[in-house]
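1. here you go, sequence then predicted model.
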Amino acid sequence: MKNIITTSVLTIVVMLLGIIGAWFLFPEVTSDLLRNAERSAAGLEQHNIEVEGLNIEYLEGGQGDALVLLHGFSANKDNWTRIGKYFTPYFRVIAPDLPGFGESSLDPHGDYTIRTQAERVKAFIRALKIKSLHLGGSSMGGAIAGVYASLYHKDLKSLLLISPGGVASSELSKMFRLIEEGKPNPLIPKDAEEYEYMLDFVFVEKPFIPGPVKKALVQEAVANQPLYQKIFKQLTNSADIPLEDVMTGLPVPTLILWGAQDRVLHVSGARILEVVIPGVRVVVIDAVGHLPMIEKPEKTAGFYLHFLGFKP
C-alpha cells in the first residue's frame with residue numbers, strides 16, 4: 001500500500017512538473033490551450049472562410065439571431081471572448097479577425113480604411129448567408145460598424161457601439177494628445193514594457209492575463225508593429241468619417257456604451273452621437289476604460305441585453 005501511495009504521489013508531482021515546464025518552455029502551446037479553454041467556456045469555436053481572396057478567421061457559437069462583433073485597432077477576435085458567454089444563450093455570436101489583424105489575411109500593402117473594412121464585413125456576412133443581424137463594434141470596430149450601418153441599415157436589427165472611433169468633433173483624448181506631442185502611440189507597443197504600458201493605458205482595472213497568453217500577445221504585437229503603424233496612418237487620414245456625419249438620422253435601434261475613464265477615445269463622443277442618431281440610448285460606465293467588454297463583461301452585456309428587451 002505504501003508503494004502504491006508513493007507511486008501516486010510521484011505521478012502527481014511529475015504531472016505538475018510537466019505542466020509547469022510546458023508553461024515556461026512552450027508558452028505558445030500553453031497560450032493556445034488557455035485561449036481555447038476560455039473560448040469553450042463562452043461557447044465559441046474558431047472557424048475560417050475565404051472571402052474575396054482574403055482568409056477570415058472567426059469565432060462562432062450560440063443560437064438565435066446573428067450578432068456580429070468587430071474588434072478595435074491592434075486587437076483581435078478574442079476581445080469578445082469574455083463577454084461572449086453572456087451573449088451565446090441569446091445569439092449566434094460571430095467575431096471575426098478583421099483583415100490586417102489577428103489570424104486573418106495580413107497584407108502590408110492593403111487598404112484598411114474604414115469604408116473598405118465595412119464593405120469587407122458586408123462580403124463576410126454575405127458569405128455566411130446571413131440576411132439580417134445585430135452588429136456591434138469596439139473602437140475602430142465601432143467606426144466600421146457605424147459606417148456599415150450608414151451603408152446597409154436595412155440589414156440591421158440593432159447596433160451596439162462601444163467607444164467607437166471616428167467622432168471627429170469630440171474632445172482630444174489623452175492618446176491623441178500624446179501623439180500630437182510626438183510621443184509613441186500607446187496602442188502600438190514595440191516591446192514587453194510598452195505592452196504593459198498599453199494595458200495600463202486602456203484599462204482602469206487590468207484583467208488577469210496568464211503569463212503564456214501575455215507573452216504570445218506581446219510577440220504578436222511586436223511582430224505586427226510596422227503593419228499597425230501603416231494601418232493607423234490610413235485610419236487617421238481616412239475620409240470615410242466623421243461618424244457624426246455618416247450616422248446622422250440613422251434609422252437603426254442603437255446603444256452606445258463608453259467607459260468614463262477612456263483615455264484612447266474621449267467620452268465626449270458619446271453625447272455628440274446622441275444628438276444625431278434618433279432614439280439612441282447612451283450609457284457612460286463609471287470606473288471603466290476603453291474596453292468595457294473585457295473589463296466589465298457581464299455589466300456591459302447586461303446593458304445591451306436589456307436594451308433589446310431580454311431579461312438575463
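-> Thanks, I have the structure now.
2. now what about stretch 260-276, what contacts it?
-> The contact list for stretch 260-276 (C-beta atoms under 8 Å, 6 or more residues apart in numbering) reads 139, 161, 163-165, 167, 169-175, 186-187, 201-202, 204, 243-244, 247-250, 256, 258-259, 280, 282, 284-290. Placement of C-beta: from N, CA and C, glycine included.
3. just for the protein, where's the confidence low?
-> By pLDDT under 70, the low-scoring segments of the chain are 1-28, 31, 239-240.
4. what about the strands in it?
-> 45-51, 54-61, 65-70, 91-96, 133-138, 156-162, 254-259, 281-285 (DSSP state E).
5. and the angle for the first one with strand 91-96?
-> Okay, so that is strand 45-51. Here the directions of strand 45-51 and strand 91-96 differ by 60 degrees (axes from the mean of the first three to the mean of the last three C-alpha atoms, to 10 degrees).
6. now the last one
-> With the same axes, to 10 degrees as the criterion, the two stretches strand 281-285 and strand 91-96 enclose an angle of 70 degrees.
7. which elements pack onto strand 281-285?
-> Applying 3 or more C-beta pairs under 8 Å, 6 or more residues apart in numbering; DSSP states H and E, we find strand 281-285 packed against strand 254-259, helix 268-276, helix 297-307.
8. that strand: which residues count as buried?
-> Buried residues in strand 281-285, counted by 16 or more other C-beta atoms under 10 Å: 282-283, 285.
9. can you check the second one too?
-> Neighbour counts over strand 54-61 (16+ other C-beta under 10 Å) mark 54, 56-61 as buried.
10. list of residues touching that strand?
-> For strand 54-61, contacts defined as C-beta under 8 Å, 6+ apart pick out 39, 42-50, 77-78, 80-81, 84, 88, 92-97, 99, 102-105, 120, 124.
11. direction included, what does that strand pair against?
-> Strand 54-61 sits in its sheet next to strand 45-51 (antiparallel), strand 91-96 (antiparallel), going by DSSP bridges.
12. what's the local residue count around Met147?
-> No Met there; residue 147 is Val. For Val147, the neighbour count with other C-beta atoms under 10 Å is 27.
13. likewise Gly259?
-> 27.
14. any idea how far it lies from Asp155?
-> From Gly259 across to Asp155, the span is 28 Å (C-beta to C-beta, to the nearest Å).
15. likewise for Leu54?
-> Leu54 is 20 Å from Asp155, where distance means C-beta to C-beta.
16. try Lys190
-> Distance, Lys190 to Asp155, by C-beta to C-beta: 39 Å.
17. and stretch 129-145, which residues are buried?
-> 133-145.
18. now that stretch, how far from the chain's geometric center?
-> On the basis of C-alpha atoms, centre = their mean, to the nearest Å, stretch 129-145 sits 11 Å off its chain's mean C-alpha point.
19. repeat for stretch 114-130
-> With C-alpha atoms, centre = their mean as the basis, stretch 114-130 stands 17 Å off its chain's centre.
20. who are the contact partners of the residue lying closest to Tyr195 once chain neighbours are set aside?
-> Nearest residue to Tyr195, sequence neighbours excluded (C-beta to C-beta, 6 or more residues apart in numbering): Pro189, at 4.2 Å. Counting by C-beta under 8 Å, 6+ apart, Pro189 makes contact with 195, 197-198, 218, 221-222, 225.
21. let's see that with 10 Å instead.
-> By C-beta atoms under 10 Å, 6 or more residues apart in numbering, Pro189 lies in contact with 74, 195-199, 201, 217-218, 221-222, 225, 228.
22. no further queries at this time; thank you.
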